[in-house]
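Engineer: Output the structure for:
(2 chains, ligands or ions: 3)
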Amino acid sequence: MRAFDLFRPKDLYQAFDRLELNGHETMLMSGGTDLLIWIKKGLVSPKEVVDLGSIDSLSHTELRGNDGVLIGTNVSLNRIISHPEIKRHCPALIEACEAHSDAVVRNKATLVGNVCSAVPSGDTIPPLLCYEAEVIIQTSCSKRQLPLSQFLVGPRKKNLSKTEIVTHLWIPFPKAELSVGVYRRASRRRALDLAQAAVACTVFLHQGRPEYRLAVGALSPVPVRIREGERVLNETYDIDKEKVERVVNSVQKAIRPITDVRGSREYRFAVTAELVRESLSLCQTRIKTEGGGR
Amino acid sequence: MPKRALSFVLNGERVEWEVEASDTLLRALRENGLTSVKRGCEEGECGACTVVIDDEAQKSCLVLALEVEGKSVLTTEGLPAAPGKLHPIQQAFVDEGAVQCGFCTPGFIMTTYAFLKAHPNPTDEEIRHALSGNLCRCTGYLSIIKAVKAAAAALSNQSGAAEGGR
Ligand SMILES: Cc1cc2nc3c(=O)[nH]c(=O)nc-3n(C[C@H](O)[C@H](O)[C@H](O)COP(=O)(O)OP(=O)(O)OC[C@H]3O[C@@H](n4cnc5c(N)ncnc54)[C@H](O)[C@@H]3O)c2cc1C
Ligand code: FES
Ligand code: FES
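Structural biologist: Ligands and ions are numbered 1, 2, ... in the order given. Now for the predicted structure:
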């Protein structure tokens, strides 16, 4: 591995000082599961790494009643998976975390790190788009909060300057009697492989009326919500075969899959259609079983 | 770059080492003689380098040495066992024929150690899931899953006996 210096700040202020001093030569690290591999492969070569893992105040989740949860940048994916309130309100996010890497890597890899990597196949991004998560960004003297959809601007590109740090992710909990959700991805192996195509579908029941949200990953430069598909799903209560195919169509129109080592463009179109059908059918089953036969 | 001081608990004893800032924990452990920790892919995929840090299994090629400052690290060298005996997990791997070339074994054993501490009575599905980050080219996994089940039984007998004797 190419040599670099490591700075382990005790608090955010030490970290900001460092970024202000030599931000252009520095990269931030949460779990480091992407960063260390990128350095090893020579994709990036920072002179210094600032390890946020040493900042205790960023290592917690903070529940705000039924409003939502604030997730510090050091919180691992396995800690998200075992959080009962996140599971209740955001089941599609839990499924995405479970699809990520393997049970050991998830002790190190973080949710905020997955978002900050900003790769098209980032597993947690599609469900976080459905839940309308927001990114909390700080400098030494300011703070801003940005919808995730505006934070991600392209493959490995994000709306973040060199003196800023993503301190937390805010996930608002849906105001609904019942929240069901599904994350489905296609990959060559079950564990340890990045997604070739991924679909997140969430349904919130408001007085028995379902509100669908749909997002896809690995199929465009950044994961996206499929607004047209959501409109089709939400126009009437019932979902029949014809409606499902209209949704599949809307997804295929919205995506721009590429051919790469993990799969061809044609394969991705076909597998996406299957994932959408499967996700919608699973969501309907879950509404029935979890919603007491509604 | 000058070396940096690192102080942590290794296999129950406090150690003070000097490491490069960019050294992985895997590298630091091996350079200090803990060669049960295997260098496989060095990309987080194979699990041969797995150790237990503060009760969690971690792939030591994905951890910088300086990150374990003040923490507790366990490798197979430090597994608690009666004098002249193997730890029950090691014994189960031997008994079930879960070791062929043996390269993956220390990693599997450390993953199993952390897993059984948190899940003393696992189902087959939970075992498969817990071991999803460890690869083995030789055994085909079935004997490893059997070994984990046997180890779980042995460990619960052990703790049952300890409680009974109290
Ligand atoms: C074996 C293996 C398997 C993997 N499998 C998957 C998978 O199935 N799905 C998947 O999506 N990913 C996978 N990954 C990639 C990686 O594990 C994830 O993206 C992970 O969630 C990143 O989190 P991290 O905390 O390790 O990020 P880090 O490596 O710490 O950081 C990632 C990027 O974000 C930046 N960054 C980190 N924290 C902040 C912050 N607070 N503010 C601003 N920028 C920040 C870093 O500078 C870096 O550019 C895998 C990686 C490995 C090694
Ligand atoms: S050497 Fe660490 S996972 Fe392969
Ligand atoms: S025993 Fe040879 S790799 Fe597992």
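Engineer: Next, work out how far apart the residue nearest the centre of chain B and ligand 3 are.
Structural biologist: Chain B has B:Met110 as the residue nearest its centroid, 1.8 Å off, counting by CA atoms, centre = their mean. When CB to the nearest ligand atom, to the nearest Å is applied, the distance between B:Met110 and ligand 3 equals 14 Å. In this view, the C-beta of every residue, glycine as well, is placed from N, C-alpha and C.
Engineer: just B:Glu43 next, same as before
Structural biologist: Distance, B:Glu43 to ligand 3, using CB to the nearest ligand atom: 17 Å.
Engineer: What helix or strand is that residue located in?
Structural biologist: Using DSSP states H and E, B:Glu43 is not contained in any helix or strand.
Engineer: Touching, it and A:Trp38? I think so.
Structural biologist: No. Assessed by CB atoms under 8 Å, B:Glu43 is found out of contact with A:Trp38, at 10.7 Å.
Engineer: In terms of pLDDT, where does A:His24 sit?
Structural biologist: The model reports A:His24 with a pLDDT of 85.
Engineer: What of B:Gly160?
Structural biologist: Confidence at B:Gly160, expressed as pLDDT, is 76.
Engineer: how deep is the closest residue to chain B within the stretch 51-200 of chain A tucked in, by neighbour count?
Structural biologist: Per CB to the nearest CB, the residue of the stretch 51-200 of chain A with the smallest distance to chain B is A:Asp102, at 3.1 Å. When neighbours are defined as other CB atoms under 10 Å in any protein chain shown, A:Asp102 has 23 of them.
Engineer: What strand or helix carries it?
Structural biologist: Under the assignment here (DSSP H and E), A:Asp102 is part of no helix and no strand.
Engineer: Which residue, neighbours along the chain excluded, lies closest to the residue nearest to the centre of chain B?
Structural biologist: Once its chain neighbours are removed from consideration, B:Met110 has its nearest residue in B:Thr50; the separation is 4.6 Å (CB to CB, 6 or more residues apart in numbering or on different chains).
Engineer: residue contacts, A:Ser161?
Structural biologist: Contact partners of A:Ser161, counting by CB atoms under 8 Å, 6 or more residues apart in numbering or on different chains, are A:Thr139.
Engineer: try it again with 10 Å
Structural biologist: By CB atoms under 10 Å, 6 or more residues apart in numbering or on different chains, A:Ser161 lies in contact with A:Leu19, A:Gly23, A:Ile137, A:Thr139.
Engineer: Would you check those and say which has the weakest pLDDT?
Structural biologist: A:Gly23 (78).
Engineer: can you pull out the strands in the stretch 151-294 of chain A?
Structural biologist: Secondary structure of the stretch 151-294 of chain A, counting by DSSP state E, counting those that start in this stretch: strands at A:152-154, A:157-158, A:165-172, A:178-186, A:197-206, A:209-217, A:224-225.
Engineer: helices or strands up against the second one?
Structural biologist: Yep, that's strand A:157-158 we're talking about. Helices and strands touching strand A:157-158, by 3 or more CB pairs under 10 Å, 6 or more residues apart in numbering or on different chains; DSSP states H and E, are helix A:111-117, helix A:148-151.
Engineer: so what's the closest residue to A:Val216 other than its chain neighbours bridging to?
Structural biologist: The spatial neighbour of A:Val216 that comes closest, neighbours along the chain excluded (CB to CB, 6+ apart), is A:Val199 at 5.5 Å. On the basis of DSSP bridges, A:Val199 takes part in beta bridges with A:Arg184, A:Val216.
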